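In: Test case, fold it:
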Amino acid sequence: MKILFEFLNTTGFAMMTWGNAIMIVVGIFFVCLAIIKDYEPLLLLPIGFGAVVGNIPSIQGMALSVYDEGSVLSYLYFGVSKGIFPPLIFLGIGAMTDFSTMLSNPKLVLLGAAAQVGIFITFVGALFLGFNPADAASIGIIGGADGPTAIFLSSKLAPHLLGAIAIAAYSYMALVPVIQPPIMKLLTSKKERLIRMKAPRHVTQREKIIFPVVAFLVAAMIAPGAIVLIGMLFLGNLLKESCVTERLANTARNSMIDIVTILLGFSVGASTQAKAFLTNQSLLIFGLGALSFCIATAGGVIFAKVMNLFLREKINPLIGAAGVSAVPDSARVVQMVGQKEDPHNFLLMHAMAPNVAGVIGSAICSGILWSVLVK
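Out: Next up is the predicted model:
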């Protein structure tokens, strides 16, 4: 009986806390959202299951969690904590991204830049609430709706907040179809939502090949701290557009990005242990992240309306919401909202321009913040 009781005391049931139970329920909720609602399943499912795994309690001395040195999970989490996984994801994103719509209508790049206002407004707000500059910058980058960028910057500036920031960033990326439409409708009139835009011009292959090289040089000179993310993004795009490295491009945009997404999502989810995650600070980060994302969406839409004051050929302000970096979900949301007003209005290709510009913009913003705040 003594052996039996000793065994029972080592089970997860005996050591389960309310916090662990809550986080397990949250993890299951994420899995349900991924399967039932199809909200970013490639991200939410591994993150949700990782949260379940990470909150199974174990006895002291057993190296099991991501925070236990020498555990298997800690080695998987190494790619997150040291910022290794985000650049690999950017390589895959670059290999699957077509910059043609952005090159065909360069003024739409401004919408991707305008949407980054959420990052800096939230940065100031976080400072006002008592966060130090490094923590505030890591929280503000959530507004870019770019999970890999948020992980990369927080791993450099605020590693102690990495779990909360990563979960917040990916949660809001998954909730793009829920958060953005009300803001878009609130800030636009029916007449504006009905605006039709001309088809993008044809972009030559030479332009597509030259662009990643020139764009990298410009972005790297502006923000040297972004060279890893931007460099991998444009390397992936050059692999795709050069037409001489198709095998490498296919590997980057298929096998590699899928493997890294699984490892990143699972290990980030496993980092959400109740004792480290269920804190007032984490809840505040979630609130500030939501504010940042809403401001970024509104910033893109409002700037599109301002641009229309000076343009002969008006742009549909809805595409400004795609300036956040959630590729291609925010562009799809623009298409969905636009077609509710006019089923024959196709905004997807136009929205992809600020969408991919937003990816570049958020990476540059992270590089600027890292360069300014690095100690």
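In: Counting residues, name the longest helix you see in this protein.
Out: The residue-count maximum for a helix in the chain (DSSP state H) belongs to helix 280-308.
In: What residues sit buried inside the following helix or strand past that one?
Out: For helix 280-308, the succeeding helix or strand toward the C-terminus, using DSSP states H and E, is helix 329-341. Buried residues in helix 329-341, counting neighbours by 16 or more other Cβ atoms under 10 Å, are found at 329-335, 337-338, 341. (Each C-beta comes from the backbone N, C-alpha and C, glycine too.)
In: Give me the neighbour count for the residue nearest to Met102 when sequence neighbours are not counted.
Out: Excluding the flanking residues, the one nearest Met102 by Cβ to Cβ, 6 or more residues apart in numbering is Ala353, at 4.2 Å. Burial of Ala353 is recorded as 28 neighbouring residues (other Cβ atoms under 10 Å).
In: Ignoring the adjacent residues along the chain, who's closest to Asn316?
Out: Closest residue to Asn316 apart from its sequence neighbours, by Cβ to Cβ, 6+ apart: Ile195 at 4.2 Å.
In: Now for the one you found: which residues touch it?
Out: Applying Cβ atoms under 8 Å, 6 or more residues apart in numbering, we find Ile195 in contact with 314-317.
In: Quick check on those: which are buried?
Out: 315-317.
In: End to end on stretch 197-205, go ahead and measure it.
Out: 24 Å (Cα to Cα, to the nearest Å).
In: If you count neighbours, what's buried in that stretch?
Out: Buried residues in stretch 197-205, counting neighbours by 16+ other Cβ under 10 Å, are found at 197, 200, 203.
In: same question, stretch 26-38
Out: Buried, per 16+ other Cβ under 10 Å, within stretch 26-38: 26-27, 30-31, 33-34.
In: how far does it sit from the chain's center?
Out: How far stretch 26-38 lies from its chain's middle: 18 Å, per Cα atoms, centre = their mean, to the nearest Å.
In: which residues sit against it?
Out: Here stretch 26-38 has contacts from 39-41, 43-45, 47-52, 55, 174, 269, 272, using Cβ under 8 Å, 6+ apart.
In: follow-up on the earlier one: dump the buried residues of helix 329-341 into TSV; add pLDDT and distance to Leu187 as well.
Out: Compiled in TSV, the buried residues of helix 329-341 are given as follows (pLDDT from 0 to 100; distance: Cβ to Cβ, whole Å):
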residue	pLDDT	distance to Leu187
Asp329	86	19
Ser330	91	15
Ala331	92	18
Arg332	92	19
Val333	94	14
Val334	95	13
Gln335	94	18
Val337	94	11
Gly338	94	14
Glu341	91	14
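In: just those residues now: which is nearest Ala223?
Out: Taking Cβ to Cβ as the measure, Ala223 sits nearest to Ser330 out of the buried residues of helix 329-341, at 22.6 Å.
In: How about the closest one: what's its closest non-neighbour residue?
Out: In space, Ser330 is closest to Ala322, 4.5 Å off (Cβ to Cβ, 6+ apart).
In: From what I see, that neighbour and Met336 are in contact.
Out: No: Ala322 lies out of contact with Met336 (Cβ atoms under 8 Å); the separation is 11.5 Å.
In: can you list the weak-confidence ranges in this protein?
Out: 8, 375 (pLDDT under 70).
In: nearest residue to the residue nearest to the spatial centre of it other than its sequence neighbours?
Out: By Cα atoms, centre = their mean, the chain has its centre lying nearest to Asp146, at 2.0 Å. Leaving aside its sequence neighbours, Asp146 sits nearest to Ser325 (Cβ to Cβ, 6+ apart; 3.6 Å).
In: In contact with the one you found, which residues?
Out: Applying Cβ under 8 Å, 6+ apart, the residues near Ser325 are 144-146, 149, 355, 358-359, 361-362.
In: Of these, keep whichever come out buried.
Out: Counted by 16+ other Cβ under 10 Å, the contacts of Ser325 give 144-146, 149, 355, 358-359, 361-362 as buried.
In: still on that earlier bit, what about the residue nearest to Ser330, how many neighbours?
Out: Residues lying near Ala322 (other Cβ under 10 Å) number 39.
In: Also Leu64?
Out: Quick note: Leu64 (other Cβ under 10 Å) scores 17 neighbours.
In: Ser292: which of the buried residues of stretch 197-205 is nearest?
Out: Nearest member of the buried residues of stretch 197-205 to Ser292, counting by Cβ to Cβ, is Met197, at 28.2 Å.
In: Quick check: that closest one vs Thr11, distance?
Out: 61 Å (Cβ to Cβ, to the nearest Å).
In: Secondary structure class of Gly61, three-state.
Out: The three-state label given to Gly61 by DSSP: H, G, I helix; E, B strand; the rest coil is coil.
In: how about a markdown table for the buried residues of stretch 197-205, with secondary structure and distance to Ala63 added?
Out: As requested, the buried residues of stretch 197-205 are exported to a markdown table (DSSP: H, G, I helix; E, B strand; the rest coil; distance: Cβ to Cβ, whole Å):
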| residue | secondary structure | distance to Ala63 |
| --- | --- | --- |
| Met197 | coil | 57 |
| Pro200 | coil | 54 |
| Val203 | coil | 53 |
